[in-house]
Every structure is written in structure tokens, then in C-alpha cells.
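Q: Predicted structure and sequence below. I'll ask about it afterward.
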2 protein chains.
Amino acid sequence: MGNTASRHHNSTIKEVALRAGVCIKTISNVVNNPGIVKASTRERVLQAIAELDYRPSAAARGMVTRSRRLIAFLLSDFTNPAYPEMVEAVTELARQKGFMLLLCNTGRNSGEEDRNLNLIIEQQADGVIISSAPAESTSTDVLTKRGIRVVLFNRRPRNYSVNYIGVDNEGGGHAATSHLIQKGHSRIAFIRGDVGVSTSVERERGYRRALAENGIVADESLIVLGDYRTEETSRVSAEMLTRIDRPSAVFAANDVMALAVIDMAIRLGLRVPEDLAVVGFDDIAIASNRMIGLTTVRSNLRELAGEATKLLFDLIENPDHPLNENPEDRILPVSLQVRHTCGGPVVLDSKEG
Amino acid sequence: MGNTASRHHNSTIKEVALRAGVCIKTISNVVNNPGIVKASTRERVLQAIAELDYRPSAAARGMVTRSRRLIAFLLSDFTNPAYPEMVEAVTELARQKGFMLLLCNTGRNSGEEDRNLNLIIEQQADGVIISSAPAESTSTDVLTKRGIRVVLFNRRPRNYSVNYIGVDNEGGGHAATSHLIQKGHSRIAFIRGDVGVSTSVERERGYRRALAENGIVADESLIVLGDYRTEETSRVSAEMLTRIDRPSAVFAANDVMALAVIDMAIRLGLRVPEDLAVVGFDDIAIASNRMIGLTTVRSNLRELAGEATKLLFDLIENPDHPLNENPEDRILPVSLQVRHTCGGPVVLDSKEG
DNA sequence: CTGAAAGCGCTAACAC
DNA sequence: GTGTTAGCGCTTTCAG
């Protein structure tokens, strides 16, 4: 009593060996290389393991094999419902491999990211999926320099030399904006995500291209920063929607912001979509709820995250993998989900929309 | 070339000692006990650390200190927006302590839970927060037997002997149901969560008590299983809402299910709240969006998760903590957030509602 | 196929 | 204060 912790004892490989009447190495073999051990001894060992409730220490094993069986996932905002789906896919695959997931929430503060990076290095994760990359970042270098595999997911910094998996953000932005234009809108606002973050920059590029293609001059006062979050978006959209020359439509760089715009519009007495059409990006689960019916760009994050995880494990398990030397970009297509908030589906003119 | 990984080398404490011209122990002191080292040597060591980019190995340290600086968080459904807020609070506190978070998704399958438990034991987490406890579970015993601290959070199994932090689920269920009754409803359905899970059972108890107090006989055909998920809830509510004697109100054991009911109601041509009043539980972020205005029971999960984490660290850092010997329950109050889906706020009769 | 010895990187006793 | 030694639990050489 008193010190409870020291009362407990986890049995070691040595104790199992003693009990089974074999040497340490044989236990190790049974655990890691069962095929190699004679069936009869294996049985005996297995029984000893069960009796002593033996669990090999990942730390001790990791020290010698240099694999801690840990992978890390870096994201910037856990409360954005787009992320959990990704994380779910990652944990699932990791667990199948006997790996656990270290979850890191970097927020928008780069100090946090460094702190997380240090912890990841100390824990010696085998690989890292970074879905929170800011515009400028040397995180990938820091990690790869230490032999930790990295896959960039969703976001990418300006310069990078690791594998990247993402979606066609520009295409999505273009599709969303074009749709709004076809609906007859010309004063279309764009709500940016975090400043400089690739997903937002690329979606904005698509937005601008769609405007340009339709001969619409972008009104820079209609392009505002929502930071990918509810609070900031509420602030900026309150301003924007109370202007005399308020936009008739909004394309938000993600669904969370689109929802915040809608919330503010209603609060201000505007009807959606009659007074304000809104399109988002991500297609989070709630978007398809009929009480909302958010028109949005679907990017199939869950599947994507699975791809990223598989790639990461490929890289970890096969150091000679060609992609370790020559990283590639994989950009997946997106699709516009037309629902209610943009004014509902419309039959396009058969040509020259 | 070839084996990329082996090209990389993380410097060790020994190398730092060599470079700084001091012994190993001094490095260790500078890292873990800076105050004890003479300022001049400390400076020298710090510089050597910086030059070599030294990061102590958590595994090696953990082997001797028996602390891997890892805590685990178990949850059952990542896509339920109620969880991310909790996880965010936990990661934040953990990181402040230099701990990382192992995230485990147990799903509804108890095999998954066992598998996760084994991995947690192998990784030798210092503590675990379980928010996914099913009705029957020996997980807490398995863990505490190995000296791993456990805090039950949100859900609790039928029998347990560790600390529990949760909310007044019965009170919440009672408040939600009472409110509906005061609105004039008497055919009120209840959508259960996972079968046997404490939160659902307790909320149902509150529901039944409210009915009983108002002389309403519970119609068992109005009490159905939604499994805390969208898919299952859609199925059961489609059935229920197409019955001749369909309910005029629904209390769902969480917001995700409430939202699914609403979705299905609209799909079936019902208006919310005119044709169907709906109340949920959790107050997830989207609930307060004006496009939805979900009436729900607020439970302040984020704050709660912080409490659970603090308690866990207390237990870890202070093995003689009285709560290690005599665990306690902490039940926090909830509050009904009256919004739109129940028919909006109503002024109650001043007495004898 | 199995046994003995070395060592992964670190901390904690001790001596100096 | 600082240096030396042992050892945490495991895998991996090497002999047998």
C-alpha cells in the first residue's frame, strides 16, 4: 500500500523463459517469428505467456529494432469535422499493423508545431502524416533528417520534397464558383481559410479563374479571411453582409465557414438561398442533412487519408521504396455536390453555360 | 542511397558528453535537472546539445524511469462531433506536461477494444482515459493491474473501481422530456444510444421518470435503438415516423441521432418543429447554428475532459494520491438549451407547469 | 533450431 | 558537483 504503482509487476521475457524452460531467444522467436519454432515448444511458450500475462515492451523492443511502432498525425484543428473522418481511417490501418497513433493538434501557432515535432522525435515515431502544413515550414526536413518518414496530406508548404497526397483544390474552387455564376450571380464573395495555407490559396485560384473566364472582375473587398473557423468567419461575414453592396453569393473555403456564414445571414434576417447563396468545401457529414442541404465540394477525405497511411507504411517498411528517393504528388479529383444552399439544382443550358 | 534510413543518425547522450567534454551524467542532469549543474558547464552542454541537435530518447528514458510519457484516450466513435472537443482539451494539457496522446478508436466491437488495450500495454502508457466503456468491461482492471492509471470519462461500465467523471445524464433526460411535456406533447419517443451504455441508460431513466411524473404511460414501441449513429437512427426513425400513430416529439440520446431524426422527418415531408419536435443531448457545435437551432442538453464536454485529464495526471504523478486508493465519482450538472426544434422557447405557467 | 553474451540510450546509485 | 557502473527489457550477433 502507499505506493500503489510499485506493487504492480509486468512479467518480462526472462520470467517467461524461466517458466517455459527455454532460453530468452526462443520466447522472442515465438513472439516475432512463430514459424521458426518447433510446435511443441511453441505451445509451451504460449502457455507460459498466457499464464504470466506477458506483454513485450514496445520500448525495449524499439530500442534495438529502431521501430517504436508509432505513427503521428498532425492536424491544425480538431474541431473541424472534416478531420475526424481522416483520423478514423488512419487509426484503423495503423492498428492493423500493430501501430498506435500519436495525435497532435498544432493549432495555428507555429510554436505549437515545433513543440509537437520535438515530442514526436523524442518518442521516435516511425512516420508522420502532416495535414496541417502552413505556407512555410521546414518540419518535413527536420523529420526526414532523422530518418522519420513523412507524408504530406491535404496541405503542402511552399517547398517540400516528400510525398504529397491531396485533392484538386483549384478545380473544386473553380467548379463551385462557376456553378454560382451559372445561377446568375456575379457578386460572389470568397472566404479564405488560414492565410497562405495551400488549400485556401488553391481554392481561391480556382475561384478567380472562374470569375475571369466569365468576364467578372474580382472585387477584392469581397475576398476576406475566415481562418477556417467559425468565430472569425462570423465576424467578417457580419460586416460583409450588412454592407449596402453585399454579395449575393458566397463561396467559403470550407464547410465550417460556409455554415458560419449561413448562421450569420439568418441572424441578420437574410434568407438562404433566396437572399444569399452559399457554397462550401469538404462535404462534412452534416452538410447533407436536409435541414441544411449545404452545396459543397466533396473531396472524399476518408479514402484519401487511407491512401496517405498506406503510402506511409510502404515507405516505413520498405526503405528502398522508389518514392523514398523520388517523392511524388497525388492529386485526387473532387466533385460538386449541389444541394439547397446555392439555390438548388438547375438545368444548365445545353451549351455555353 | 539504398537504405535511406540507416544514413540518418540521431546523436546520443554519449556523443553530447564527448563533445561538451563532460560525463554522461552531467548531460542527463542538464536535461532533467538543470538547476543542479554549474552555469558554465550547463552552457557548454546546452551548446553541444544544440550543435548535435540532440533529443533524448523517450524509450530509453522510459525504460529506467518507467514512464513513457504517453497517455491514451479511448473513444468509441470518432465521427461523433462531441468527441473532438474533448480530445482537443486532452492533447492540450498533455502536451503542456511533455506527454503525447495515443488515440484509440474502439468502435462498437469489443475485440477492437481488447486489441487496443494490448497495444496500450505494450506501449506502456502512463495513464488512460476511457470514454468508450461498454456496459460490461474489465478493461479498467486489466490496466490498473499493470500499474496504469485509469480515469473513466463520460461512460461507465456496470462495475468499476476507478475514478469516474461524467455528467448528470438522468437529470438531462428528465429536463429534456419534461420540457417536451410542458409543450403539450404526450407521445414522445426516445432514441437509445448503444445498448447498455451508461449514458444512454441514464438518459432513458430520466425520460421515463419525467413521463411517470406527468402520468404518462410509456409506450414501449416508441423507445427504439439508434446506436448513437446516423445510419441506424435513419433506419429506425423512417419506420417510426411513417406509422399512423407516430410520435409528436422525439428525445434522442445524443445530437447526432437527433439530427438524423430531423433529416428523416424532412425527407418524409414532416415539418420540424410543427409536425415533430426534437430534442437532443450534447450540444455539439452545429446544434446552435441558426439553420438548425437544435434544442439539446448541454454538458460542457470540453471542460469535463480537461478535468479528467488533470485528475489522471494527479494520479500518475502522485502515486500516494488518496483517489488512487479510494476512487470517487464526479457528476457534473447539465443544462437544457432551448432553441428551435422543440417548438422554440415558451413561457411556462408560473406554477404547476 | 537453441543457448550465451553484447548492447540499444538512458537514469540512478554510488564513489570521487 | 562530477565521473563510473549497473541495468531497464528486448533483439541480435555468434557458437553449439
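A: Looks like it came in fine.

Q: so A:Leu52 touches A:Lys14, yeah?
A: No: counting by C-beta atoms under 8 Å, A:Leu52 does not reach A:Lys14; the two are 10.7 Å apart. For glycine as for every other residue, the C-beta is placed from the backbone atoms N, C-alpha and C.

Q: When the two are compared, which one has more neighbours?
A: Neighbour count, other C-beta atoms under 10 Å in any protein chain shown: between A:Leu52 and A:Lys14, A:Leu52 has more, with 16 against 11.

Q: what's the closest non-adjacent residue to the more buried one?
A: What sits nearest to A:Leu52 in space, not counting adjacent residues and going by C-beta to C-beta, 6 or more residues apart in numbering or on different chains, is A:Ser11, at 4.1 Å.

Q: With B:Gly107 as the reference, measure out to the one you found.
A: According to C-beta to C-beta, to the nearest Å, A:Ser11 and B:Gly107 sit 30 Å apart.

Q: Same question for A:Met291.
A: A:Met291 sits 28 Å away from B:Gly107, going by C-beta to C-beta.

Q: do A:Thr65 as well
A: From A:Thr65 to B:Gly107 the distance is 29 Å (C-beta to C-beta).

Q: And the two? Which one has more around it.
A: More crowded of A:Thr65 and B:Gly107, by other C-beta under 10 Å: B:Gly107, with 18 against 11.

Q: can you give me the helices in chain A?
A: Assigned by DSSP state H, chain A shows helices spanning A:4-7, A:13-20, A:24-32, A:39-52, A:58-65, A:82-96, A:110-123, A:139-145, A:169-182, A:198-213, A:230-241, A:255-267, A:301-317, A:322-325.

Q: Turn those into JSON lines, including mean pLDDT.
A: Formatted as JSON lines, the helices of chain A follow (pLDDT from 0 to 100):
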{"stretch": "helix A:4-7", "mean pLDDT": "47"}
{"stretch": "helix A:13-20", "mean pLDDT": "91"}
{"stretch": "helix A:24-32", "mean pLDDT": "91"}
{"stretch": "helix A:39-52", "mean pLDDT": "91"}
{"stretch": "helix A:58-65", "mean pLDDT": "93"}
{"stretch": "helix A:82-96", "mean pLDDT": "92"}
{"stretch": "helix A:110-123", "mean pLDDT": "91"}
{"stretch": "helix A:139-145", "mean pLDDT": "95"}
{"stretch": "helix A:169-182", "mean pLDDT": "98"}
{"stretch": "helix A:198-213", "mean pLDDT": "98"}
{"stretch": "helix A:230-241", "mean pLDDT": "98"}
{"stretch": "helix A:255-267", "mean pLDDT": "98"}
{"stretch": "helix A:301-317", "mean pLDDT": "95"}
{"stretch": "helix A:322-325", "mean pLDDT": "92"}
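
Q: Of those helices, give the one that comes closest to B:Gln182.
A: helix A:255-267 (26.5 Å; C-beta to C-beta).

Q: Please see if the closest one touches chain B.
A: Yes: for helix A:255-267, a contact with chain B is found by C-beta under 8 Å from any C-beta of the partner chain, at A:259, A:262-263, A:266-267.

Q: Please write out the alpha-carbon positions of that helix in PDB.
A: C-alpha atoms of helix A:255-267 as PDB (Å, rounded to 0.1, in the frame of the first residue of the first chain):
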ATOM      1  CA  ASP A 255     -17.800  23.900 -44.800                       C
ATOM      2  CA  VAL A 256     -17.300  25.100 -41.300                       C
ATOM      3  CA  MET A 257     -17.000  28.700 -42.600                       C
ATOM      4  CA  ALA A 258     -19.900  28.200 -45.000                       C
ATOM      5  CA  LEU A 259     -22.100  27.100 -42.100                       C
ATOM      6  CA  ALA A 260     -20.900  30.200 -40.100                       C
ATOM      7  CA  VAL A 261     -21.800  32.500 -42.900                       C
ATOM      8  CA  ILE A 262     -25.300  30.900 -43.100                       C
ATOM      9  CA  ASP A 263     -25.700  31.300 -39.400                       C
ATOM     10  CA  MET A 264     -24.800  34.900 -39.600                       C
ATOM     11  CA  ALA A 265     -27.000  35.500 -42.600                       C
ATOM     12  CA  ILE A 266     -30.100  34.100 -40.800                       C
ATOM     13  CA  ARG A 267     -29.200  36.100 -37.800                       C
END
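
Q: tell me what that helix is packed against?
A: strand A:188-192, helix A:230-241, strand A:249-252, strand A:277-282 (3 or more C-beta pairs under 8 Å, 6 or more residues apart in numbering or on different chains; DSSP states H and E).

Q: quick one: buried residues of it?
A: Buried residues in helix A:255-267, counted by 16 or more other C-beta atoms under 10 Å in any protein chain shown: A:255-266.

Q: okay, the angle between that helix and helix A:169-182?
A: 30 degrees (axes from the mean of the first three to the mean of the last three C-alpha atoms, to 10 degrees).

Q: So what touches helix A:255-267?
A: Defining contact as C-beta atoms under 8 Å, 6 or more residues apart in numbering or on different chains, one finds that helix A:255-267 is touched by A:80-82, A:191, A:193, A:226, A:228-231, A:233-234, A:237-238, A:241, A:250, A:252, A:271-272, A:275-276, A:278-284, A:286-287, A:292, A:294, A:296, A:341, B:286, B:289-291.

Q: Tell me the residues of chain A that contact DNA strand D?
A: Counting by C-beta under 7 Å from any atom of the strand, the residues of chain A close to DNA strand D are A:10, A:12-14, A:24-25, A:27-28, A:31-32, A:54-57, A:60-61, A:63-65.

Q: now those: which count as buried?
A: By 16+ other C-beta under 10 Å, the residues of chain A next to DNA strand D give A:10, A:12-13, A:27-28, A:31, A:54-57, A:60-61, A:63 as buried.
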